[in-house]
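Undergrad: Structure here, sequence nowhere to be found:
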C-alpha cells in the first residue's frame, strides 16, 4: 500500500481537445477528454501520484497555468494540440519554469499535414509519444514518472 | 413572404476587425464592422436566414465560439484577419465541428506582405472571397447560402 | 425599367474551360460553359450591363482579346484556368490595357496541386473569388460591378 | 492475319519536334519526325491499331487536339517537348478528357538542364519512357498497348 | 522643474515577461518586471512623461490594450516576447492604431534559436533595441522620446 | 495465469545499437542492448507475448529479417538508429510486409543534429516513442500491444 | 557607299509588345513598336543589313518564325517579353536553329517583379541589353552586328 | 535462326524486389520476380542474348555484382528499388565499371512520395522506363538492346 | 566632477558613412558624421570616457583598426554599414580581439532591402540598436557603457 | 565640329580587370584594359564627352572614387567584376552619390557560375549590357549618353 | 632506430575503392588500392606505427570494423567514398567508438556533383584532406599522426 | 645536398591571420604566423624550394599579390581566412593568373558556423587541407609540391 504522495504531475491539454470524442473521430478516436483524465487519475493515484488537469483553448491561459506550476509541480504532460506548431510562448513558459515535460499527441503527427511536423516544444522535452490515441496519455505519464524516478 | 427559418449562419470576425472604419482606411475602407453586420443581417433576414455575429481578438475565444456552433449552425462566414495566417487552432476548430465555411477578406491578401499569402483555412473552405471591401461579406454570404441550398 | 447601358464587361475563359460539364465533373461540376454564359448574360442585362464572352485555349488569343477591350470594356471577369499559374503574358496584357479585373475559379485552387497556389494575376486584381462552382461567375460579376459603381 | 481494328491511338508531338533530324543532332538524333511517324504507323497497323499523328508548336492547338480525342481515341502517346515542363494546360486537357497516356522523350531529360527535371504530365501518366532516341516512340507505344490490353 | 505633462507612453510586455527575475536567469537576468517598470516610471516622470504599463500572456489582450491607446497614447514601447515572432495580429494592431512604437528585447535575439530571428513588428517600428537586459527598456524609451520630440 | 500465446512480436535494432552501454553514454545511457532485450522479454512473457530480437548493422539484413516476419509476426518494434533517416529500403520492407510497427528511439531525436529530424518510417508507423532511454522500448511495446489488442 | 547586302537579321518581339506606346508608359515609354522598327530598319539599311520584323502574342508563332529563319537569317534580336521568363519552347527553337541571338529588354528587368529575374534565353545568348527603352533595340543590333562581323 | 551469342546482359534488382507478387500488390502487381526473370530470359534467348540475374537487399552486394560485370557484361538493366534514391555507391559502381545501363521501375515513381522523384542513377543512364509494371522490364531490355546494336 | 578616466571606447564607422549628411537624406538624415562624433565625444568626456573614432571604406582598414584596439580599448561601437551584411573578416576581427562591441545602425535595417536583414556581427554583439538616426549612436554608447560597468 | 564639353563620364573597372588581355582569354578576350580605355576615350572625345578612368582591386578605393564623382560626374559606366556579386558597399556608394550608372560586363554572366547571376547593382542601374566583350564598353557608353541626353 | 610500437592506426576504404586504378581513371588516378596500402604501411612502419587496412562495399561491414577498433586503435583514416555523403550509420560508429579520425578523398569533392559537397563525417573529424590523389592518404596519415602525438 | 632551386611557391594568408597565436586560441592554436612561416621556409629550403610570404587584411592587396605571381610563382598555398567564403575577386585572381593552388585552413571549417561551409576557392583548387592547426600548412605544402612534381 502506498500512502505517501510521491509526486505531483500536471496534464495540460491545448486547443480543441475539449472536443475529444466529438470531433474528427477518424483521427482522434471516440473517447472524451474527461474519460481520459479520470482514467489517468486512477492510474496515477494507485502510484501515489497526484495528477492535476487543465485544458484551455487560450494560449495565454495555458502559459499562465504552466507558470502556476512553478514550485509545486514535478512534471508536465502536455498535448498542446495546434499550439505545438505555432506557440513559442508555450515553449518559453515551459523552459522558463524549468519543469520537466513530455510532449504527447493522440494522432501520429507525421502522417498528417506537413505543418504538423515541426514542434516548438519537442527539442527541449524529455521525450515524445505520438500516435497511440488515448493510450498516448498513459504511455507519456509512465515515461514521465520513470524519468522523474530515475536518479540523475 | 418568407416565414420559415431556412438556415442559421454565423459570421466570425477575427483580431483587429473591431477597428474597422477606424484603422488603415487605405486598406480596409471606412465602413464600421457594426454597419457591415447590420446590413448583412438585413439581407439574411429577407431570405429567412438567421445570422449571428461574433468578433474577438482572442484566438481561444474564436475557437470556442466555433465549438458552440456545433449542432445549431449550418454554415460559417469567417474573416479570421491575421489569424488566417498563423492559427492552426482555428483550422482544427472548423474541421473538428465539421461546419461548412467560407473564408473572406476585405483586402486582396495577395497584394500585401508575403506572409499573408498562406492561409491555414483556405484549403478546407468551400470557397474564398477576397478584395471587395465590405462587399466581400455579402458575396461570401451569397456563396455560402448557394452552397448550402445546392443538393449534394 | 433600365433602358440605359451602364457598363460593358468581358468574361474571359482560358484553356480547357470549353470542356466544362464534360470533364472532371468531380472538380468542375456538370454545368456547360454556354449555360453559365447565357445565365450570366441574363443577370447582366437586367442591370443594364452588356456582357461579352471569349474562350480560348491559346494564350496568345486571350492576350489579344484583352488588348481589343482597351477603350470599350469597363471591367474583365477572368477565369484563366491553367494559364493563371503559368502566363506572365496574360498578366502583362491585363496590366497593359489597365482594365480592372476580377480573378475567378470554379474550384478552390488551394485544395488542389501545389502548383495551383500561385497566380500571376491575383496580386493586381480587384479581388478573387474561388470555389463556388458556376456560382463563382455570378459572385465575381457582382463584385466587379460593385467595384465599378463605387465612386473612387 | 488481323482484320479487326483493335484500338485507336494518337501520337502528339509538341514544340520544335517538327525540326527533328534538322536541329541539335547531338541531342535529338538524325531521324526526321515523318520517318518516325510512318515507321510507327507500320508497326501499329500490323497489330490492328490505328495511329493518328499531330504536331504543333502551339500549346492551344495541342490542347484542342486532345479534346477532339475524347470518345474516339483509346490512348495517347505524348512527347510534349518543352511544354512538358511549362504547360499546366496540357495536363488539364489530358486529365479532363480522361484518355490514358504515356509520356515519352527522345533524350534523357535527367541529363540536361535542371528545368527539364520536372514534368507537369508525368505523375498522372501510365508510365514514362525517355532517352532511347526515336526508339522511345516504339517502346512507349508498346507500353501503352500493353496497358490497354491488360484487363483492369 | 517640469510641471507640464509632455507625452504619454505605454509600455507593453508580452507572454512570460511576468516571470522576469524568476525564469531562465542566464538569459533574462535577475531583475523583476515590477522593478523595471517602476524604475522606468521614475525616469519618465522626471521628464514630464506619463508611462503606463501592461503585461499579458494573452495575444488578444495585448491587441486590445493597443486599441485602447488610440487617441490617448503618443508612443509605445513593446517587448512582445515570443509573440514578436508569431503574431501578425499584434502587427495589425500596432499599424491599425497608427501609434509610433519601438521594439525591444532583453536578450540579443540573434544569439538564440533561429526562429527568434524574424519579427513581425520590426520592419514598421521606429527602431529596435536588443540585448542590454533591463537596460534595453531605458534605451528604448529614450529612443522613442527622442523620436517623438524630433520635429517631422 | 496466462498459458496461451497471444501474439508474437519482433524487436529490431539497427546500426550501432550493439554498442549500447558502451558508446556515447551521455546520449544513449549505460544499459547494454542485451539487458534491454532480456528485460523486455520478461515483460512480454508475463503477458503471453513471444518476443524475438534482431540487431544488425547491415541495412540489407534488417530488410530481410522484416521479410521473414511476414505471416508469423503480429507487430514490430523498431529502433532503426541511423537508418531511420536514410533508408527507404527499410520503409519499403515494412510497408511491403504490411506488419504494424512502432518506431522508437532512445534519445530525443529532435534535440540532436537537424538531419535526425526526418524519418522515412514515422508517417506509416502506428506511433512513435522517443527520448526515454531504455524505457522507450517498454513504452513502445506497450503501445504496440495496446494497438494490436484494440478491435479495429 | 555600301551596295552589297552584308547580312540579314530578324527582330522578334513577343507578347504585348504590339501595345508599345499605348500601355504602361511609365515602364515601357511612349514610342510605338512600328516607330522603333522603321527607325531600326533605316539604321540597318545604311550598313547594308536587311532587317526583318516579326511580332506575335502566340508562343507557337514565335517558335515557327524562328524555324523559318534557318538558313536565311544570320542573327536574331529578340525581345521575348513575358515569354522570356516562361518559354522553354522559345529557347529550344533558338538553340535548335542554331542562329546567334541577342536578348533585349526595354525596361531593366532586375528592377521589376522577382519572376522577371530569370530568363530561359539569356545563358545561351551572345549577350543581353536591358533598360535603355527603345534605344535598347539599337544597342542590341550594334552588339549583334559587331559579333557577327568579328572573325571567330 | 540465331545461333551466335550476340551480347550478355545483367538484370539487377534491388531491395525488397524479392517480395514481388507478395507485397503491396496495388502498387507493384501480382507477378513474382522469378516469373519476370524467366519470361525475360526466354525473350533474350530468342535474340541470342544471354541474360543473367541478380537480386539483393544489400547495397554492398549490388555494388560488387556490378564490379564483377566489368569485362564480361555488355549492358545492365537495373531496378534499384529504394536504393535508386539513396545510393551514391551504386552510381559510383555503375560509372566506375563503365557498363551502359537502363534504369527501370515497375511503378511510376512520379506518382508516389516526393522522395522517390530524385534518382542518383538516372542522369547517367542511357534511358529510363517506369510505370508499366512487369512489362517495364521487357521495354527496358528492348531499349538497352537497341542502344547496344546501334552503331555509335 | 569626474577626473579619472574610467574607460576607453572606439567608435568604428564603415563604408559610405563619411557621406553622412550628404547622401540619401531620406534614409540617413542630415547630420554629418563629424557632428555625430564630436557630440558623442562630449557626452563621453562628461562621463570620464575617452572615445576614439575611425571611419574607413576599406574592409581591411577596419579589420586592422580593430586589431590595434587589443589591450587598450574596453569596448567598440560599430556601425559597419554595408559590411555588416558581407564581411566575415570584420566578425573575425571582433571575435579575435575579444573586445565587447555593440552593433548600431542609423536606419531600421528591417525596413530596407532583404539583403540587409542578416548581420555577420549581431549574434556575438552585446546588443543591437537600429533605426533612431544619429541618436542610435548615443543609445548604443549608453548601452555599451552600462554593460561595461555592470559587474559580470 | 563640337567644341563645347557636353558631359563628363567616369568609367570604373573593378578587381582583376587590370589583367584584361592577360588572363582567361577564353572568357574575357585578348584586348588589354588600356586599349579599351583609350579607344573609348576617343569615341567620347568626338562627342564632346570627357571620360575619366579608374581601376582598382580594392573595394574601398572604388567606393571612394565614386564619392569623388559627386558634383562633377554626370554618369558612371561600371564593370565591377567580382564585386558586382558581393559588394553592398559599392551599391551604397552609387546610390548615395546619386549619379546615374550603367552596369556592364565583358562576358555573359548568365552563362557562368550561378553565383554570378545576382548583382547588387543591377536593380538600380539605368540598364545593363553584358556579353559583347570589349564592345560592351562602347554599347554601355552609348546607352548612358543616350539616357543623359534624353529630357526627363 | 625505432623499435617500440608507438601507435596503431586503421585505414578504412569504402565502396568502390577496391576498383581503384581500374575505374574512372580521369577522376581517381591509376594507382591500385593495394599499392596505396602497402606504400602507406611502409611509411607507417618506419615510424613505429602499425597500420591495418579494411575495405568494404558494405556499410554494415564498415560500421562493424570501426566497432572492432574500440580499445585497440588509436586513430582512423577514412575514405568513405560514396558513404561519406549518405551514411549517418558510419558517423554514429565513429562517434560511438570515440576514435579520432581524419576524412580523406582522392579527388576534390568540391569539383564534382553537388551531392558530394556534404559530408556526414567532416564536422566531427580532426581534419579533412582532399584532392591530392593517392597522396591524400599520405597527407592524411601525417595529419593524424601529428594530431595524436600532440599533447592535448 | 640540393643546390638547384626547383620551384618557387607563395604562401598567402588572408584577414586576421596576423593575429595568429594572439586570438581565439581555442580555435586557432598558440603558434604565431611568423613561427609558421619560418618553420615552413626551412622545410621548403631543404627541398630546394623558395617560399615567399604575404599576409594582408585587404582583399585588394591579396588580389594584387596573386597577380604579381604570374610568371614567377609555380604554386600558391592559400589560407584566405574569412575571404574564403566571401571573395569572388580572390577566385578570379587565382583563376586569372592560372597558378595552381591549394586551399588550407587551420581549423576544420565544417565544425564551425554554417557560413564557413562554402568556399569560393575550393572547386578549382588542386586540393584542400583543413583542421590540423599549423600543421595544415605543412601538409598543404607537401600536397602542392607533390602535385607540381607529378608529370601531367
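TA: That came in fine, so what should we check first? Quick caveat, the model's predicted, so the values are computed rather than measured. Numbers count the residues shown, from 1 in each chain, chains lettered A, B, ... in the order given.
Undergrad: any idea how far the nearest residue to residue A:81 once chain neighbours are set aside lies from chain F?
TA: The spatially closest residue to residue A:81, leaving aside those adjacent along the chain, is residue A:14, at 3.7 Å (CB to CB, 6 or more residues apart in numbering or on different chains). From N, CA and C alone the C-beta is placed, and that goes for glycine too. Distance of residue A:14 to chain F, given as CB to the nearest CB, to the nearest Å: 18 Å.
Undergrad: I figured residue A:14 hits residue A:89, correct?
TA: No. Counting by CB atoms under 8 Å, residue A:14 does not reach residue A:89; the two are 11.8 Å apart.
Undergrad: which ones are touching the residue nearest to residue A:81?
TA: A:55-57, A:62, A:78-84, A:90, B:89 (CB atoms under 8 Å, 6 or more residues apart in numbering or on different chains).
Undergrad: Look at it and report its pLDDT.
TA: At residue A:14, the pLDDT value in this model is 97.
Undergrad: Next, it: phi, psi?
TA: Phi and psi for residue A:14, reported as degrees, to the nearest 10, are phi -90, psi -160.
Undergrad: does residue A:50 count as helix, strand or coil?
TA: strand (DSSP: H, G, I helix; E, B strand; the rest coil).
Undergrad: Can you tell me the element residue A:36 falls in?
TA: Here residue A:36, judged by DSSP states H and E, is contained in helix A:33-45.
Undergrad: quick one: the residue nearest to residue A:81 and residue H:138, what's the gap?
TA: 55 Å (CB to CB, to the nearest Å).
Undergrad: With residue A:60 instead?
TA: Counting by CB to CB, the separation of residue A:60 from residue H:138 is 65 Å.
Undergrad: same deal with residue A:7?
TA: Distance of residue A:7 to residue H:138, computed by CB to CB: 67 Å.
Undergrad: Repeat that for residue A:66.
TA: Note on residue A:66: its distance to residue H:138, by CB to CB, is 64 Å.
Undergrad: where are the low-confidence patches of chain A?
TA: In the predicted model of chain A, residues A:1-3, A:23-29 satisfy pLDDT under 70.
Undergrad: If we use 50, what do you get?
TA: A:1-2 (pLDDT under 50).
Undergrad: show me where it has helices.
TA: A:25-28, A:33-45, A:59-68, A:83-86, A:88-97, A:135-149 (DSSP state H).
Undergrad: Indicate whether stretch A:137-146 makes contact with chain F.
TA: Yes. Stretch A:137-146 comes into contact with chain F (CB under 8 Å from any CB of the partner chain), by way of A:138, A:139, A:142, A:143, A:146.
Undergrad: ok, of the residues you listed, which one's closest to chain I?
TA: Nearest to chain I, judged by CB to the nearest CB, of these is residue A:143 at 35.0 Å.
Undergrad: residues near that closest one, how many?
TA: Other residues within reach of residue A:143, judged by other CB atoms under 10 Å in any protein chain shown, total 27.
Undergrad: How about residue A:32?
TA: Residues within reach of residue A:32, counting by other CB under 10 Å, total 15.
Undergrad: now swap in residue A:22 and tell me
TA: 18.
Undergrad: hang on, the earlier thing: who has more neighbours out of residue A:7 and residue H:138?
TA: Taking residue A:7 and residue H:138 together and counting by other CB under 10 Å, residue H:138 has the greater number of neighbours (21 against 17).
Undergrad: residues contacting the more buried one?
TA: By CB under 8 Å, 6+ apart, the contact set of residue H:138 is D:142, H:39, H:40, H:43.
Undergrad: ok, the closest residue in space to residue A:88 that isn't next to it in sequence - contacts?
TA: Nearest residue to residue A:88 in three dimensions, chain neighbours excluded: residue E:82, at 3.7 Å (CB to CB, 6+ apart). Contact analysis of residue E:82 by CB under 8 Å, 6+ apart lists A:87, A:88, A:89, A:91, A:92, E:14, E:15, E:16.
Undergrad: Identify, from these, the entry nearest to chain B.
TA: The closest of the contacts of residue E:82 to chain B turns out to be residue A:87 (CB to the nearest CB; 9.2 Å).
Undergrad: Thought residue E:86 was touching the closest one, still the case?
TA: Yes. Using CB under 8 Å, residue A:87 makes contact with residue E:86 at a distance of 7.0 Å.
Undergrad: Which one's more surrounded, these two?
TA: Neighbours were counted for residue A:87 and for residue E:86 using other CB under 10 Å; residue A:87 has more, 30 against 22.
Undergrad: Run through the residues that contact that one.
TA: Applying CB under 8 Å, 6+ apart, we find residue A:87 in contact with A:59, A:62, A:80, A:120, E:82, E:86.
Undergrad: Chain H versus the fifth one, what's the distance?
TA: Going back to what we said before, that points to residue E:82. Distance, residue E:82 to chain H, by CB to the nearest CB: 32 Å.
Undergrad: quick one, phi psi at that residue?
TA: Main-chain dihedrals, residue E:82, degrees, to the nearest 10: phi -60, psi -30.
Undergrad: middle-most residue in chain A, spatially?
TA: For chain A, residue A:78 is the residue whose C-alpha lies nearest the centre (CA atoms, centre = their mean; 2.2 Å).
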